[in-house]
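Participant: Have a look at this prediction, sequence included:
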Amino acid sequence: MEAVILILGLLVVAFVALGIYVSVKIIRAASRGVDRTITQARRAVEDTTLRAKSYGQVGVVGELAQLRLSLRTSMRATQEALQTGVTEDASLSESLALFQRLSVHGRELDDELKRLEREPDKKTVSSLLPGLKKRTGEITRSADSLRWAARDRARQFADDDLATLNEQIDVEAGALRHWTTEEPVPGVPGVPGVQDRTGAPGAPGNARWQGQGQGQGNGQPGDAGIAEAITAADPRQRTTYPWQKSARPETTN
């Protein structure tokens, strides 16, 4: 009895521990989902604000917003392309590592541009714009180069696979049409692969009909051949295929 109580107690403790573990996992997953949603919402708001500034304002503020928008758009597109491609092509892992190093410079530049948007000394900020544009162009050009190289690589693999598949299909189609490559056997024109049993030119079934014609009316074995040739074949003994329709029974009046 004590052993049963001990086992039940251990089961209860195990179920409680399992419930706590599952609850923690669910809470963490929900928290990550909420954080991801908040991050995406914040990113969408920032992008919308930058677009509004780049199109609605002129001067230094508008140029800074345009630089931030182009930088964020290029970096985000490259990140998505590399992270998606590395799951199918492991060789992109090195490119992804290079992009992560590039992302450090991109975040630093984005933070600097964001601080300069709030800078009241617009004259000083205006003097910094040429250098900021150069840095932005270098980072976006490198990001675009990685992204298009990954896309070209994926497209080349797809083209090679399609070419190989077309060659295999052509070979299979030729194998399915093998009868078009057979040459007619001499002595049997128009019938490839069939030889005359008599060895002389003529129809393919010449020897069989000659054998059946011997002994006609004399009770010889040839009579059975003639009877078999004249009598209709039993439809129940014919070879049928799944695509053939079944014969309908004859109706009697």
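Facilitator: Structure received.
Participant: Show the contacting residues for Ile7.
Facilitator: Applying CB atoms under 8 Å, 6 or more residues apart in numbering to Ile7 gives no contacts. All C-beta atoms are positioned from the backbone trio N, CA, C, and that covers glycine.
Participant: Then Asp160?
Facilitator: With CB under 8 Å, 6+ apart, Asp160 has no contacts at all.
Participant: State the number of residues packed around Val61.
Facilitator: Other residues within reach of Val61, judged by other CB atoms under 10 Å, total 18.
Participant: gap between it and Leu82?
Facilitator: Distance check for Val61 against Leu82: by CB to CB, to the nearest Å, it reads 32 Å.
Participant: what do you get for Gln57?
Facilitator: Counting by CB to CB, the gap from Gln57 to Leu82 is 33 Å.
Participant: Show me which of those two is the more surrounded one.
Facilitator: With neighbours defined as other CB under 10 Å, Gln57 and Leu82 compare such that Leu82 has more, 23 against 14.
Participant: dump the residue contacts of the closest residue to the more buried one other than its chain neighbours.
Facilitator: Residue nearest to Leu82 in three dimensions, not counting chain neighbours: Leu96, with 4.7 Å by CB to CB, 6 or more residues apart in numbering. Shown in contact with Leu96 (CB under 8 Å, 6+ apart): 82-83, 86.
Participant: Mind listing what's buried along the helix or strand containing Leu96?
Facilitator: Assessed by DSSP states H and E, Leu96 sits inside helix 93-117. Residues 95-96, 99, 102-103, 106, 109-110, 113, 116 are the ones in helix 93-117 that count as buried (16 or more other CB atoms under 10 Å).
Participant: Of those, just say which sits nearest to Gln168.
Facilitator: Nearest to Gln168, judged by CB to CB, of the buried residues of helix 93-117 is Ser95 at 31.2 Å.
Participant: Make sure that closest one is actually in contact with Ala149.
Facilitator: Yes. Ser95 lies in contact with Ala149 (CB atoms under 8 Å); the separation is 7.3 Å.
Participant: Sort out for me which of the contacts of Leu96 are in helices.
Facilitator: Among the contacts of Leu96, DSSP state H puts 82-83 in helices.
Participant: Just put the contacts of Leu96 in JSON lines and tack on distance to Lys25.
Facilitator: Listed next are the contacts of Leu96 as JSON lines, based on distance: CB to CB, whole Å:
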{"residue": "Leu82", "distance to Lys25": "29"}
{"residue": "Gln83", "distance to Lys25": "24"}
{"residue": "Val86", "distance to Lys25": "26"}
